[in-house]
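Novice: sequence and predicted structure, then a few things I'm wondering about:
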Amino acid sequence: MGASTVRAPLTRGVFSIYCSYPRLKSNPLYFSVSLASSVQQVRRAAAASMSYDKQLAAAKKAAFLAARLCQKVQKALLQSDIQSKSDKSPVTVADYGSQALVSFILEKEFPSMPFSLVAEEDSEDLRREETRGTLVRIKELVNDTLASNGMNDISPLSEEDVLDAIDRGKSEGGPHGQHWVLDPIDGTKGFMRGDQYAIALALLDEGKVVLGVLACPNLPLTSVTSYDRHNSQDKVGCLYFAQLGAGTFMQSIDGSPPRKVHVSATTNPEGALFFESFEAAHSSHDLSSLIVKKMGVKTPPVRMDSQAKYGALSRGDGEIYLRFPREGYREKIWDHAAGYMVVAEAGGIVTDAAGNPLNFSRGRYLDLDTGIIVTNQKLMPALSKAVVESLKERASSLQS
Ligand SMILES: Nc1ncnc2c1ncn2[C@@H]1O[C@H](COP(=O)(O)O)[C@@H](OP(=O)(O)O)[C@H]1O
Ligand SMILES: [Mg+2]
Ligand SMILES: [Mg+2]
Ligand SMILES: [Mg+2]
């Protein structure tokens, strides 16, 4: 059986950001503070009872603007727009532009609050004389995006402003205080191919993810399984958002009213559909195949770039997402924080391969056991068992 891959045409359209989703009320939390309670416990409980409506509205605005910038670049991606980072991974003017824009907007929205951003890119390569042209292009992209989306009152950013905004993303995060977590383009390789990518933005409060926004400009609005790229009625461009205790919502990037989404309720693995990375170098396709075979999954994998996989799973397009990088690979928090929140608030479970919850409070890395597995409550026991057995089998075959 061959894997199916999700390719997507580019999207167009006028958008006005739709922030008036049904008011999300956090569960009132009653806690008694005994003298023995640690400060940390109290802070954590307070975080769970807080509303992050203002932060969510700002995050949606920032992710929307970044999505517009990325769409513009993807439509006319030039070879000169692509650079290679020191770890040989690709980065484009859109990755930098998106990070500058989100960082700039978030800091501007909360002028009186301490600003901390943990983000993927930094400006080191852009500060060299050879990349001056690239920096100018990024600055123009950022300023054009602001101006063409009703933000003409903002004075245009200079090159230094752009570099500074990018470098605001150098925070180490950690277990205390609030930190934004940003992947300005997750799935850069997909972005360059014209396939799936996501702008992924989350907020950590006392080490816990409390909100997540995922803009997926090429993700079909209906379902990845029913999408027909030749049918002009089938539109793409999804914006997911989730707040702790308030569920996950999805709207079109072009501004349709949000609807609440929920993970699939499927209990039978035979009919389950599973997602994995398009890039075999990012996740072992052989290991996923072994795992799902043990569970009795009959359908071929859907291979897709980026955290769009979390988005698709959160609305029930498929039931399982497996990620098994090569040994020694360290997962970064921005590759999962927003996606995790979107799935968790839609009723799904995200753990490492040993069944531990993901810990976003340790800094820029996740440092987890072996891999990441995602599914619904009902399928998790069977999936965990299949993962444990498959990892054992793989270890013994490597020894022999
Ligand atoms: N060898 C590797 N193993 C696992 N993940 C990797 C990897 N090399 C890069 N990645 C990460 O995989 C992400 C894309 O995930 P996916 O395969 O789901 O599309 C990349 O995000 P960026 O595109 O933001 O750099 C990058 O952080
Ligand atoms: Mg990258
Ligand atoms: Mg990424
Ligand atoms: Mg990225």
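Specialist: Alright, I've got the coordinates. Numbering: from 1, shown residues only. Ligands and ions are numbered 1, 2, ... in the order given.
Novice: CA only for contacts and neighbour counts going forward, please
Specialist: Noted.
Novice: got the contact list for Leu201?
Specialist: Counting by C-alpha atoms under 8 Å, 6 or more residues apart in numbering, Leu201 makes contact with 59, 63, 180-184, 212-214, 334, 337-338.
Novice: keep only those of the residues you listed that are in strands.
Specialist: Among the contacts of Leu201, DSSP state E puts Trp180, Val181, Leu182, Asp183, Pro184, Gly212, Val213, Leu214 in strands.
Novice: how about the strands in the stretch 51-200 of the chain?
Specialist: Counting by DSSP state E, counting those that start in this stretch, the segments of the stretch 51-200 of the chain that form strands are 82-84, 90-92, 117-119, 178-186, 198-205.
Novice: and the fourth one with strand 198-205, angle?
Specialist: The one in question is strand 178-186. 170 degrees (axes from the mean of the first three to the mean of the last three C-alpha atoms, to 10 degrees).
Novice: so what are the sheet partners of strand 178-186 and their directions?
Specialist: strand 117-119 (parallel), strand 198-205 (antiparallel) (DSSP bridges).
Novice: deepest-packed of the ones you listed, please.
Specialist: strand 198-205 (a mean of 29; mean count of other C-alpha atoms under 10 Å).
Novice: show me the chain divided up by domain.
Specialist: The record's domain parsing of the chain by automatic domain parsing lists 46-261, 269-399.
Novice: can I get the ones you listed in CSV including distance to ligand 1 and mean pLDDT?
Specialist: Output for these, formatted as CSV (distance: least, C-alpha to the nearest ligand atom, whole Å; pLDDT from 0 to 100):
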stretch, distance to ligand 1, mean pLDDT
domain 46-261, 3, 94
domain 269-399, 3, 96
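Novice: out of the ones you listed, nearest to ligand 4?
Specialist: domain 46-261 (3.9 Å; C-alpha to the ion).
Novice: could you check whether the closest one is close to ligand 3?
Specialist: Yes. Residues of domain 46-261 are located near ligand 3 by C-alpha under 5 Å from the ion, namely Asp186.
Novice: centre of the chain versus that domain, how much separation?
Specialist: How far domain 46-261 lies from its chain's middle: 9 Å, per C-alpha atoms, centre = their mean, to the nearest Å.
Novice: ok, back up a step: of the ones in strands among the contacts of Leu201, closest to Lys392?
Specialist: Asp183 (33.1 Å; C-alpha to C-alpha).
Novice: ok, now which ones touch that closest one?
Specialist: Gln99, Ala119, Glu120, Ile199, Ala200, Leu201, Trp334, Asp335.
Novice: please report how far it lies from Arg330.
Specialist: Asp183 is 15 Å from Arg330, where distance means C-alpha to C-alpha, to the nearest Å.
Novice: rewinding a little: from the contacts of Leu201, which are also near ligand 4?
Specialist: Asp183.
Novice: and the residue nearest the centre of the chain, how far from Thr299?
Specialist: Nearest to the mean C-alpha position of the chain, counting by C-alpha atoms, centre = their mean, stands Ala200 at 3.5 Å. Going from Ala200 to Thr299 by C-alpha to C-alpha gives 28 Å.
Novice: next: Thr131.
Specialist: For Thr131, the distance to Thr299 - C-alpha to C-alpha - is 46 Å.
Novice: the two: which is more packed in?
Specialist: Thr299 (18 against 13; other C-alpha atoms under 10 Å).
Novice: who's in contact with that one?
Specialist: Contacts for Thr299 (C-alpha under 8 Å, 6+ apart) come out as Glu270, Gly271, Ala272, Leu273, Phe274.
Novice: and the residues you listed, which are buried?
Specialist: Buried members of these, scored by 16 or more other C-alpha atoms under 10 Å, are Ala272, Leu273, Phe274.
Novice: and the residue nearest to the last one when sequence neighbours are not counted, how many neighbours does it have?
Specialist: So the one you mean is Phe274. Of all residues not flanking Phe274 in the chain, Ile320 sits nearest, at 4.5 Å (C-alpha to C-alpha, 6 or more residues apart in numbering). Ile320: 27 surrounding residues under other C-alpha under 10 Å.
Novice: contacts only, for Ile320.
Specialist: So, once contact is read as C-alpha under 8 Å, 6+ apart, Ile320 ends up touching Ala272, Leu273, Phe274, Phe275, Leu313, Ile373, Val374, Thr375, Asn376.
Novice: kindly recompute the last result at 10 Å.
Specialist: 264, 269, 272-276, 292, 301, 309-310, 313, 348-349, 373-376, 379-380, 383 (C-alpha atoms under 10 Å, 6 or more residues apart in numbering).
Novice: now swap in Ala280 and tell me
Specialist: Residues near Ala280 by C-alpha under 10 Å, 6+ apart: Asp286, Arg303, Phe324, Pro325.
Novice: any figure for the gap between it and Pro111?
Specialist: In terms of C-alpha to C-alpha, Ala280 sits 43 Å off from Pro111.
Novice: what do you get for His230?
Specialist: 46 Å.
Novice: what's the closest non-adjacent residue to Cys216?
Specialist: Ala198 (4.5 Å).
Novice: next, the angle from the longest helix along the chain to strand 198-205.
Specialist: Looking across the chain with DSSP state H, the single longest helix is helix 53-75. Relative orientation of helix 53-75 versus strand 198-205 (the same axes, to 10 degrees): 160 degrees.
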